[in-house]
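**Q** sharing a model that was predicted from the sequence below.
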Amino acid sequence: MIEPSLIIAGVAVLAVLVLTSFIITTFLKSVDAGEILLASRGRNLKIYRGPSKALIVPVLTQVRVIPAQAINVDIEITDQTADVDANGRSAPVKVTVRASAIVSVGEDEAMVNTAANKFFSKSGGEQLSTLTDVLSSAGRRAINLLKHDQLFNARSGPAPAALAVAASADLALPNRSEDDELAVIIKDACSRELMDLGLSFNSLNIKAVLSEVAEARRRESAARAKADADVIQAQEEQRARIAQLEAAQKINDQEKALNMQIASNGASIAKAEAEKQAAVRGQREAELGANQLTQARADADQNVIQQEAEGRAQAARIRAIAQAEAEAIRMKALALAEAGGAYLDLKKLELAPLPCKIASS
């Protein structure tokens, strides 16, 4: 069996663990990212920025959480500039500026406490309205200090006139060429009021600056740009047309040269073919002549052979006839020889002339 002392020790350890977990969950509070927790005990204030853990004593510690994210405020300001005419008389231009400002809670504990008490104690609508009023007021003062052209030239150093007006208005206008003059003046004009709310000015993004003068200039610039673009386009089209014609001329010249080459090659081929045909014809004529000559010789030889054969045949026939006639004569002579004188007398009688009839009459 388990000893009672071990059971008691185990229960004690478990109780300690449970108590420790309860204390941790009770006294340690998680502060999420994007949050600022203010813990105050009497006059002691402790600020925790998330993500972190805050040590909180229940009942004795008052806790408040405010957002730490930057606040984006859209503003639209319409006012008149500080322009003057050629005679030095006031000639303000009505300008509308659309911008977006970013503010956030200050870094030190005093500003965080001020923001919690003076700004975040308001409702969301009141917070936005307060920031819009502060930034718009600063923006109008900035527009009144700048000339029309200065509002359209971003990232330029502050003009001497703006510096003089700012000095007379008791405004600090540091020479920061990396920022737009409007943003610089707005930041310096509203920083004090934002600081009173426990906030700090981070940046100003100018979305648009609108005015009738700028619009007229824009239209004029657009018309000039379009005219320049039309001229450039016409020049480009002309150059393209010239290049096209030059290319076409080059192609035409190349085609002519190719045709001439083809014609020359054709003539050469035709000449070579004619020479080949002439050679073939000459060869055929020579072969034909040789064949005809051979045939003629063969025919002559055949005629000679035929005539010789005919001559031999004629001679044989003549010899046969002669032999036959000779044999006939011989036989006739033999017959005469056998007939003797009687035949001769008979022959003489046949050959004797007839008696003359005149004498008898």
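**A** Alright, I've got the coordinates.

**Q** all strands of the protein, in order?
**A** Here the chain has its strands, by DSSP state E, at 28-31, 35-41, 44-49, 52-55, 62-67, 71-80, 94-105, 199-211.

**Q** check which helices and strands the fourth one sits against.
**A** By that I understand strand 52-55. Applying 3 or more Cβ pairs under 8 Å, 6 or more residues apart in numbering; DSSP states H and E, we find strand 52-55 packed against strand 28-31, strand 35-41. All C-beta atoms are positioned from the backbone trio N, CA, C, and that covers glycine.

**Q** buried sites along it?
**A** In terms of neighbour count (16 or more other Cβ atoms under 10 Å), strand 52-55 has its buried residues at residue 54.

**Q** how far off centre is it?
**A** Its chain's C-alpha centre lies 58 Å from the corresponding centre of strand 52-55 when counted by Cα atoms, centre = their mean, to the nearest Å.

**Q** pretty sure residue 135 sits against residue 185.
**A** No - taking contacts as Cβ atoms under 8 Å, residue 135 lies outside contact range of residue 185: 11.9 Å.

**Q** quick check: chain neighbours aside, which residue is closest to residue 112?
**A** Among residues not flanking residue 112 along the chain, residue 47 sits closest, at 5.4 Å (Cβ to Cβ, 6 or more residues apart in numbering).

**Q** pLDDT value on that neighbour, please?
**A** Residue 47 is assigned a predicted lDDT (pLDDT) of 87.

**Q** for residue 179, same thing?
**A** Residue-level pLDDT assigned to residue 179 equals 57.

**Q** quick one, which of the helices and strands packed on strand 52-55 is packed in tightest?
**A** Each of the helices and strands packed on strand 52-55 was assessed for mean neighbour count using mean count of other Cβ atoms under 10 Å. The highest is strand 35-41, with a mean of 18.

**Q** give me the mean pLDDT for that one.
**A** 86.

**Q** what helices or strands is it leaning on?
**A** Counting contacts by 3+ Cβ pairs under 8 Å, 6+ apart, strand 35-41 packs against strand 44-49, strand 52-55, strand 62-67, helix 109-114.

**Q** which of these sits closest to residue 287?
**A** strand 62-67 (116.8 Å; Cβ to Cβ).

**Q** show me which positions of the closest one end up buried.
**A** 65-66.

**Q** please report the distance of the residue nearest the centre of the chain from residue 246.
**A** For the chain, the residue sitting closest to the mean C-alpha position, by Cα atoms, centre = their mean, is residue 240 at 20.3 Å. Using Cβ to Cβ, to the nearest Å, residue 240 is found at 11 Å from residue 246.

**Q** same check on residue 108?
**A** If you go by Cβ to Cβ, the gap between residue 108 and residue 246 works out to 75 Å.

**Q** where in this protein is pLDDT low?
**A** By pLDDT under 70, the low-scoring segments of the chain are 1-3, 18-26, 59, 153-179, 304, 333, 335-337, 339-361.

**Q** where is the longest helix in it?
**A** helix 212-339 (DSSP state H).

**Q** tell me what that one is packed against?
**A** Secondary elements touching helix 212-339 (3+ Cβ pairs under 8 Å, 6+ apart): none.

**Q** and residue 27, how many neighbours does it have?
**A** Counted with other Cβ atoms under 10 Å, residues neighbouring residue 27 total 14.

**Q** quick one: the longest helix of the chain to chain centroid distance?
**A** Mean C-alpha position of helix 212-339 versus that of the full chain (Cα atoms, centre = their mean) differs by 55 Å.

**Q** before we move on, what about stretch 205-224?
**A** Mean-position distance between stretch 205-224 and its chain equals 35 Å (Cα atoms, centre = their mean).

**Q** what sits up against it?
**A** For stretch 205-224, the surrounding residues in contact (Cβ atoms under 8 Å, 6 or more residues apart in numbering) are 93-102, 148, 151-152, 154, 180, 182-183.

**Q** still on that earlier bit, now render the helices and strands packed on strand 35-41 as TSV, adding distance to residue 211.
**A** Shown next, in TSV, are the helices and strands packed on strand 35-41 (distance: least, Cβ to Cβ, whole Å):
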stretch	distance to residue 211
strand 44-49	43
strand 52-55	49
strand 62-67	37
helix 109-114	37
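
**Q** residue 235: which of the ones you listed is closest?
**A** Closest to residue 235 of these, according to Cβ to Cβ: strand 62-67, at 59.4 Å.

**Q** adjacent strands (with direction) for the closest one?
**A** Neighbouring strands of strand 62-67 in its sheet, by DSSP bridges, are strand 35-41 (antiparallel).

**Q** what's the angle between the strand it pairs with and strand 44-49?
**A** Here strand 35-41 runs at an angle of 160 degrees relative to strand 44-49 (axes from the mean of the first three to the mean of the last three Cα atoms, to 10 degrees).

**Q** C-alpha coordinates for strand 35-41, CSV please?
**A** The C-alpha trace of strand 35-41 is given here as CSV (Å, rounded to 0.1, in the frame of the first residue of the first chain):
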residue,chain,number,x,y,z
GLU,A,35,-2.4,47.2,-28.1
ILE,A,36,-1.2,49.3,-25.3
LEU,A,37,-2.1,48.4,-21.8
LEU,A,38,-2.0,51.0,-19.0
ALA,A,39,-1.8,49.6,-15.5
SER,A,40,-2.0,52.1,-12.7
ARG,A,41,-1.9,51.5,-8.9
